[in-house]
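*Asks:* Return a 3D structure for these sequence lines:
(2 chains)
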There are 2 protein chains.
Amino acid sequence: MQGPAAQDAELLERADAGDQRALARVITLVEEGGERGDELLRLLRPRTGRAAVVGVTGAPGSGKSTLTDALIARWREEGRSVAVVAIDPSSPFTGGAILGDRIRMTRWYADESVFIRSLATRGHLGGLSAATLRVAAVLDAAGFDVVVIETVGVGQSEVDVADAADTTVVVLTPAAGDAVQAFKAGIMEVGDVFCVNKSDLPGAERVRREVRSALDLAPRREGAWRPPIVSTVAATGEGVPDLSKRIADHRQHLSAHGLLEEARRRRVRAEVLALLGAQLRRAWEARQERAVDDILAGRSTPSAEVRSLWAPPA
Amino acid sequence: MQGPAAQDAELLERADAGDQRALARVITLVEEGGERGDELLRLLRPRTGRAAVVGVTGAPGSGKSTLTDALIARWREEGRSVAVVAIDPSSPFTGGAILGDRIRMTRWYADESVFIRSLATRGHLGGLSAATLRVAAVLDAAGFDVVVIETVGVGQSEVDVADAADTTVVVLTPAAGDAVQAFKAGIMEVGDVFCVNKSDLPGAERVRREVRSALDLAPRREGAWRPPIVSTVAATGEGVPDLSKRIADHRQHLSAHGLLEEARRRRVRAEVLALLGAQLRRAWEARQERAVDDILAGRSTPSAEVRSLWAPPA
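*Replies:* Here you go, the predicted structure:
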């Protein structure tokens, strides 16, 4: 009989040898976050840091999925392997079926150098989950040249994806006010590359100008990266080679300035915080009714309840 | 010399007597979250639970601020006092100046029965902050008939506002795909009243139909609230009396079903969690560099780091 450790070593070996079913099994275990998944990821962790981790974010309707699809095609032409973690919110109404557009990605099913995994957020929009970051780490360790984290384009994920990615692509459209709305959403600050998608629609030049003037307002240190603005039509592939090049340029910039390691460390920090948050929420659930009674009666305060739930380590 | 306790008792007395400057001072102290603010809020807490707390959320550009403004006018006609907590993201680029549209609200400056407070989120889009919920509690205790929490319409706040409000108004526009995007954003699930604003634009009837069919898909218990869909043109006030009535109907429904107290308790729970999250993030910052080293080397795991940062209370 094999013990779990031997089993897992074999599983990792098979995944290493390019067995996509073994990789899918490793991902499932790591995503679930139990002890076995933790141990698998601990073994894989030192191998992370080689993939270009690209975050793709933007407002709903900006065409992120189509753009990701076009980028996969381009990267495959360049001979690079690609993994995608796509974050799907599953709705209590529909069980997630509204995101059937992801099915489109099945065109890559037969290509062993493309791996796509959708993670349901199960109604919780708390930014990127620990599971997202764990799965991205496995795909990095598995040797994919590019790992894309594609957010659903709502919720805090729009901002947090910048903690997870080396390079964050913010996707806008020529729709009136898109640039201003991106400002309000706080995503202008996190973009390393801006992409005006659907740029065959009227208004594309205006959005480019708005983004450019907004970026020019920001204080920027000497030698700092100046985010480029790329125009694409994801549906036809127009502009996608340029977008791919700008993403590569940004990674080159990080590498030249010794910043790649910092991006990798940022990802790990985000993973710990996401995990901690989830565990604390569970602990609080057990105490909350009495605490709420006491607070409403003026016998306790939220600060006092926080102190009784958690004390900083000595 | 007065001690702080006597000073604060006097401050509360003046705020009670309708002195808006004293109220503003109480709010500032409570918003800051120090010991003095905690104590003030502890004294006020038993008086909370009388205001109708209304959350207004929706995509950027849906006209939430204009709609809030029109609702204030309507509620004032009905003789009700109104307080608004508006959440403004302040951008590192602009210091928040892009949200100058809030200045419009100065039309209420001379009306002592209207109180408006904008809270900066300082670039952090982590849902509603503890400060937002504390300020809403002070305004409730101060005796305003209606307390509006108006979110910036991005980030997790779109969802969390439902934890803070008795009644959540989801604002949509006739823009193509608005209803589908609201689905993706997870805000269809939290709406108690849907408002199709800018309903003089083409497509309003289609959006109403989309929302209606979406809502009809949801499993709904016998006697449960059926969210109405109201059409408004906030800029002219059209439909706003109807919106006000539907909001009142929803509160009546909560009251008739004994659910108002649950909404008040939900707000307190959200406040504790927001505070806990903020404190833990600070504690983690002190440990994180060594932890990241150990995780990347495969000597530790995120789970182990979480255990050393926090152990569930015995």
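*Asks:* anything in the helix or strand hosting A:Val30 near chain B?
*Replies:* Assigned by DSSP states H and E, A:Val30 belongs to helix A:20-32. No: shown here: helix A:20-32 not in contact with chain B (Cβ under 8 Å from any Cβ of the partner chain), separated by at least 11.0 Å. (Glycine included, C-beta is placed from N, CA and C.)
*Asks:* Which neighbouring elements make contact with whichever helix or strand comes after that helix?
*Replies:* Remark: after helix A:20-32, the chain's next helix or strand is helix A:35-44, criterion DSSP H and E. Other helices and strands packing on helix A:35-44, by 3 or more Cβ pairs under 8 Å, 6 or more residues apart in numbering or on different chains; DSSP states H and E, are helix A:4-16, helix A:20-32, helix A:130-141.
*Asks:* contacts for the second one?
*Replies:* Same thing as helix A:20-32. Contacts with helix A:20-32, where a contact means Cβ atoms under 8 Å, 6 or more residues apart in numbering or on different chains, come from A:11-12, A:14-15, A:36-37, A:40-41, A:44, A:112, A:115, A:117, A:119, A:131, A:134-135, A:137-139, A:142.
*Asks:* do the same with the shortest one
*Replies:* Taking contacts as Cβ under 8 Å, 6+ apart, the residues outside helix A:130-141 that touch it are A:23, A:26-27, A:30-31, A:33, A:37, A:40-41, A:44-45, A:47-51, A:53, A:83, A:85, A:87, A:115, A:117, A:119, A:147, A:149, A:164, A:267, A:270-271, A:274-275, A:278, B:302.
*Asks:* how many degrees apart are that helix and helix A:20-32 in direction?
*Replies:* 150 degrees (axes from the mean of the first three to the mean of the last three Cα atoms, to 10 degrees).
*Asks:* Next, the angle from helix A:130-141 to helix A:4-16.
*Replies:* 60 degrees.
*Asks:* Please compute how far helix A:130-141 lies from its chain's middle.
*Replies:* Once both centres are worked out by Cα atoms, centre = their mean, to the nearest Å, helix A:130-141 turns out to sit 10 Å from its chain's centre.
*Asks:* avg pLDDT for it?
*Replies:* Helix A:130-141 carries an average pLDDT of 92.
*Asks:* Can you check what angle separates it from helix A:35-44?
*Replies:* Helix A:130-141 runs at 40 degrees relative to helix A:35-44, counting by the same axes, to 10 degrees.
*Asks:* how about the strands in the stretch 101-250 of chain A?
*Replies:* Along the stretch 101-250 of chain A, counting by DSSP state E, counting those that start in this stretch, strands occupy A:114-120, A:146-150, A:167-172, A:193-196, A:229-231.
*Asks:* any chance of those strands in TSV, plus mean neighbour count and mean pLDDT?
*Replies:* TSV is the format used below for the strands of the stretch 101-250 of chain A (neighbours: other Cβ atoms under 10 Å in any protein chain shown; pLDDT from 0 to 100):
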stretch	mean neighbour count	mean pLDDT
strand A:114-120	18	83
strand A:146-150	28	95
strand A:167-172	28	93
strand A:193-196	28	95
strand A:229-231	20	97
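*Asks:* Would you reformat the ones you listed as CSV and include distance to B:Arg208?
*Replies:* Below are the strands of the stretch 101-250 of chain A laid out as CSV (distance: least, Cβ to Cβ, whole Å):
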stretch, distance to B:Arg208
strand A:114-120, 29
strand A:146-150, 31
strand A:167-172, 28
strand A:193-196, 32
strand A:229-231, 35
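*Asks:* And the ones you listed: which comes nearest B:Leu254?
*Replies:* Closest approach to B:Leu254 among these is made by strand A:114-120 (30.8 Å; Cβ to Cβ).
*Asks:* May I have the strands that pair with that closest one, each with its orientation?
*Replies:* Sheet partners assigned to strand A:114-120 using DSSP bridges are listed as strand A:82-88 (parallel).
*Asks:* in which helix or strand would I find A:Trp284?
*Replies:* Going by DSSP H and E, A:Trp284 is in helix A:260-296.
*Asks:* Run the chain-centre distance for the very next helix or strand once past that helix.
*Replies:* The element immediately downstream of helix A:260-296 (helix or strand, assigned by DSSP H and E) is helix A:302-309. Helix A:302-309 sits 33 Å away from the centroid of its parent chain (Cα atoms, centre = their mean).
*Asks:* any idea of the angle helix A:302-309 forms with helix A:260-296?
*Replies:* Taking the same axes, to 10 degrees, one finds helix A:302-309 and helix A:260-296 inclined to each other by 110 degrees.
*Asks:* who touches helix A:302-309?
*Replies:* By Cβ under 8 Å, 6+ apart, the list of residues contacting helix A:302-309 reads A:280, A:283-284, A:287, A:291, A:294-295, B:33, B:38, B:130, B:268, B:271-272, B:275-276, B:279, B:313.
*Asks:* Mind checking which of those are buried?
*Replies:* A:280, A:283-284, A:291, A:294-295, B:33, B:38, B:130, B:268, B:271-272, B:275-276, B:279 (16 or more other Cβ atoms under 10 Å in any protein chain shown).
*Asks:* on that earlier part again, tabulate the CA atom coordinates of the helix holding A:Val30 in PDB.
*Replies:* Backbone C-alpha positions of helix A:20-32 (Å, rounded to 0.1, in the frame of the first residue of the first chain) are rendered in PDB as follows:
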ATOM      1  CA  GLN A  20      -3.100  17.200 -17.700                       C
ATOM      2  CA  ARG A  21      -5.400  14.900 -15.700                       C
ATOM      3  CA  ALA A  22      -2.800  14.600 -12.900                       C
ATOM      4  CA  LEU A  23      -2.400  18.400 -13.000                       C
ATOM      5  CA  ALA A  24      -6.100  18.900 -12.800                       C
ATOM      6  CA  ARG A  25      -6.200  16.600  -9.700                       C
ATOM      7  CA  VAL A  26      -3.400  18.500  -8.000                       C
ATOM      8  CA  ILE A  27      -5.300  21.700  -8.700                       C
ATOM      9  CA  THR A  28      -8.500  20.400  -7.200                       C
ATOM     10  CA  LEU A  29      -6.700  19.200  -4.000                       C
ATOM     11  CA  VAL A  30      -4.900  22.600  -3.700                       C
ATOM     12  CA  GLU A  31      -8.000  24.600  -4.400                       C
ATOM     13  CA  GLU A  32      -9.900  22.700  -1.700                       C
END
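*Asks:* how distant is that helix from the center of its chain?
*Replies:* 18 Å.
*Asks:* Tell me which residue is most central in chain A.
*Replies:* Taking Cα atoms, centre = their mean, the centroid of chain A lies closest to A:Ile149, which sits 3.4 Å from it.
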